[in-house]
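[1] below are the sequence and a predicted model; questions follow.
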Amino acid sequence: MIDAGRNDEKYYDVGIDIGSTCAKLAVLNEDRKLILKFVQPTGWSSVDTAEAIRKKLLEEGIDVGQCSCVATGYGRISVPYADKMITEITCHARGAMWIHHADELVVIDIGGQDTKIIHVEDGRVKDFVMNDKCSAGTGRFLEVMANTMALRPDELCELARQGGGTAISSMCTVFAESEVISLIGRGEKKENIAFAVVESIVNKVVSQTSRLNVRKEAVCLTGGLCECAYLLETLSEKLNCEVQAAPDGRFAGAIGAALSAADSRAAG
């Protein structure tokens with residue numbers, strides 16, 4: 001447990017990122033060091049998720065009523081104790097800069113229901129594209145395909161490394177699932193189908209990235225798939241640059257929100 005107590009000399013800045021699939025939390029101390037993080041399923045109610053997070057923080061000795069708190073993500077309006085709500089574009093960009101110690105980079109965030117490509121220049125968001133109308137190229141797309149193949153998403157990604165020679169033509173998740181079922185029905189090897197699924201996701205992300213027309217000296221991957229080694233390798237190959245990832249990458253939005261909370265507290 002963090003020794004938060006009721007010591008007025010201690011300050012905690014809380015960032016909460018409630019996404020469509022998972023909610024992420026990050027807590028910074030007065031030195032802006034990450035001292036606590038956790039992730040949990042969002043579930044059907046963002047309000048219930050926010051309350052569960054509040055209780056978990058209390059278990060760690062942190063009372064949100066005595067902290068600066070910023071919420072982000074699609075469920076940010078459901079956090080009643082947040083002092084401020086900030087868009088996920090801003091928070092993901094800031095969190096990625098903090099994680100990768102860079103103020104010029106391209107952030108690729110593959111979320112549960114959307115994919116965001118954010119161009120950061122001189123420490124600010126210069127441009128972005130976002131796929132929020134279709135689940136193609138998202139974590140949800142991968143999850144649906146993995147379920148169809150009786151695999152976990154991480155298992156599918158690793159299996160894809162062994163495959164090749166197969167493609168999924170449809171960009172729609174529903175039709176793509178039908179394609180996968182047809183491939184299974186005609187006896188296509190699982191590794192080849194897994195390869196096609198990952199290729200489909202990566203090609204969609206690469207297409208989105210090309211719309212920004214930016215240099216790719218520094219590119220990082222955030223979101224729940226940032227620790228998927230094969231996807232990272234394939235994305236690097238398709239973009240013709242090294243795509244960086246870090247263990248805290250899935251917490252980028254929450255970290256960015258916590259940094260904004262720290263700024264608000266410092267401003268008085």
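    Good, I have the coordinates.
[2] what ranges do the strands span in this protein?
    With strands called from DSSP state E, the chain shows them at 13-18, 22-28, 34-41, 68-72, 84-85, 105-110, 115-121, 124-131, 219-223, 243-244.
[3] bridge partners for I18, pull those for me.
    Here I18 sits in beta bridges with A23, as judged by DSSP bridges.
[4] do I have it right that it meets T42?
    Yes - using C-beta atoms under 8 Å as the test, I18 is close enough to T42 to be in contact (6.0 Å). For the C-beta atoms, the positions are set from N, CA and C on the backbone; glycine is no exception.
[5] and the least confident helix or strand in the chain by mean pLDDT, which residues are buried?
    For the chain, using mean pLDDT, DSSP states H and E, the weakest element among its helices and strands is helix 173-185, scoring a mean of 83. Buried residues in helix 173-185, defined by neighbour count with 16 or more other C-beta atoms under 10 Å: T173, A176, E177, E179, V180, L183.
[6] show me where pLDDT drops low in the stretch 151-268 of the chain?
    Applying pLDDT under 70 to the stretch 151-268 of the chain picks out residues 171, 268.
[7] if we go to 90?
    Along the stretch 151-268 of the chain, segments meeting pLDDT under 90 span 153-154, 165-182, 184-187, 200-201, 204-205, 207-218, 223-228, 247, 264-268.
[8] tabulate the buried residues of helix 173-185 in TSV, adding columns for distance to I201.
    As requested, the buried residues of helix 173-185 are arranged in TSV below (distance: C-beta to C-beta, whole Å):
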residue	distance to I201
T173	11
A176	10
E177	14
E179	14
V180	13
L183	16
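[9] can you tell me which of the residues you listed comes closest to E155?
    Each of the buried residues of helix 173-185 was checked against E155 using C-beta to C-beta; the closest is V180, at 14.8 Å.
[10] and for the closest residue to the closest one other than its chain neighbours, the neighbour number?
    For V180, the nearest residue in space outside its immediate sequence neighbours is T148; the separation is 5.1 Å by C-beta to C-beta, 6 or more residues apart in numbering. Look at T148: counted by other C-beta atoms under 10 Å, it has 19 neighbours.
[11] ok, T148 - contacts?
    In this structure, T148 makes contact with E177, V180, I181, I184, judged by C-beta atoms under 8 Å, 6 or more residues apart in numbering.
[12] could you measure from the residue nearest the centre of the chain over to D48?
    Per C-alpha atoms, centre = their mean, the C-alpha nearest to the average position across the chain is that of G223, at 2.0 Å. Applying C-beta to C-beta, to the nearest Å, the value for G223 to D48 is 23 Å.
[13] returning to that earlier point: more neighbours, I18 and T42?
    A direct count of neighbours by other C-beta under 10 Å for I18 and T42 places I18 higher, at 27 against 22.
[14] and V120, what's its pLDDT?
    For V120, the model assigns a pLDDT of 94.
[15] count of neighbours near the closest residue in space to A246 that isn't next to it in sequence?
    Closest residue to A246 in three dimensions, ignoring its sequence neighbours and counting by C-beta to C-beta, 6+ apart: I99, at 5.1 Å. When neighbours are defined as other C-beta under 10 Å, I99 has 23 of them.
[16] check the one 10 residues further on too.
    Burial of D109 is recorded as 30 neighbouring residues (other C-beta under 10 Å).
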